[in-house]
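Trainee: show me how the following folds:
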Amino acid sequence: MQARIRVVVAKPGLDGHDRGAKVVARALRDAGMEVVYTGLHQTPEQIVETAIQEDADAIGLSVLSGAHMTLFRRVIELLAERDASDIVVFGGGIIPADDIAELEALGVARIFTPGATTASIIEWVRANVTTPVS
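Mentor: Numbers count the residues shown, from 1 in each chain. Just a heads-up that it's a prediction; the model follows:
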């Protein structure tokens, strides 16, 4: 039997706008996934610790602050340090197209830009995040 996909949805950094993150978290949950929403103002260290403790299959970051290069890079680095690079990292926010290619080169699996539908996010997670067989 296939286990449900477990996703940690997080708002790293000082950005206080979390409506989008909550909408995505609810959509993933309503699609049958297990979702942990970490709340606002999380450090990359807190996010990675939560993902490991929750045995997450993926981390979805919402970044609107402009600090996306630093925050995504740090999460990817911490996952590698903790031998947890199998956790898929994706995200969304106000991220310039030139930065998306660089983030993907760092190991971010997908960036969703404004206007992405919750249906497209759900479809992508189902297609690209695997869970261990239980």
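Trainee: all contacts plus neighbour counts: C-alpha atoms, from now on.
Mentor: Fine.
Trainee: in this protein, where is pLDDT below threshold?
Mentor: For the chain, residues meeting the criterion pLDDT under 70 lie at 1-2, 133-134.
Trainee: let's see 80
Mentor: 1-2, 132-134 (pLDDT under 80).
Trainee: and the next element down the chain from the helix ranked longest in the chain?
Mentor: Scanning the chain for the longest helix, with DSSP state H as the assignment, gives helix 68-81. Per DSSP states H and E, the first helix or strand lying C-terminal to helix 68-81 is strand 88-93.
Trainee: rewinding a little: buried residues in the longest helix of the chain, which are they?
Mentor: Across helix 68-81, burial judged by 16 or more other C-alpha atoms under 10 Å covers His68, Leu71, Phe72, Arg73, Arg74, Val75, Ile76, Glu77, Leu78, Leu79.
Trainee: next: stretch 86-101.
Mentor: For stretch 86-101, the neighbour count (16+ other C-alpha under 10 Å) marks Ile87, Val88, Val89, Phe90, Gly91, Gly92, Gly93, Ile95, Ile100 as buried.
Trainee: and the two most separated of those residues?
Mentor: Across the buried residues of stretch 86-101, the longest distance by C-alpha to C-alpha is 21.6 Å; it joins Ile87 and Ile95.
Trainee: touching, Gly93 and Gly115? I think so.
Mentor: No - with contact defined as C-alpha atoms under 8 Å, Gly93 does not reach Gly115; the gap is 9.9 Å.
Trainee: returning to what we had before: ok and the longest helix of the chain relative to strand 88-93, angle-wise?
Mentor: Relative orientation of helix 68-81 versus strand 88-93 (axes from the mean of the first three to the mean of the last three C-alpha atoms, to 10 degrees): 170 degrees.
Trainee: which stretches of the protein form helices?
Mentor: With DSSP H, the ranges of helices along the chain come out as 19-30, 44-53, 68-81, 97-106, 118-128.
Trainee: which residues touch the residue nearest to Ala31 when sequence neighbours are not counted?
Mentor: Of all residues not flanking Ala31 in the chain, Ile122 sits nearest, at 7.2 Å (C-alpha to C-alpha, 6 or more residues apart in numbering). Residues counted as contacts of Ile122 (C-alpha atoms under 8 Å, 6 or more residues apart in numbering) are Ala27, Leu28, Ala31.
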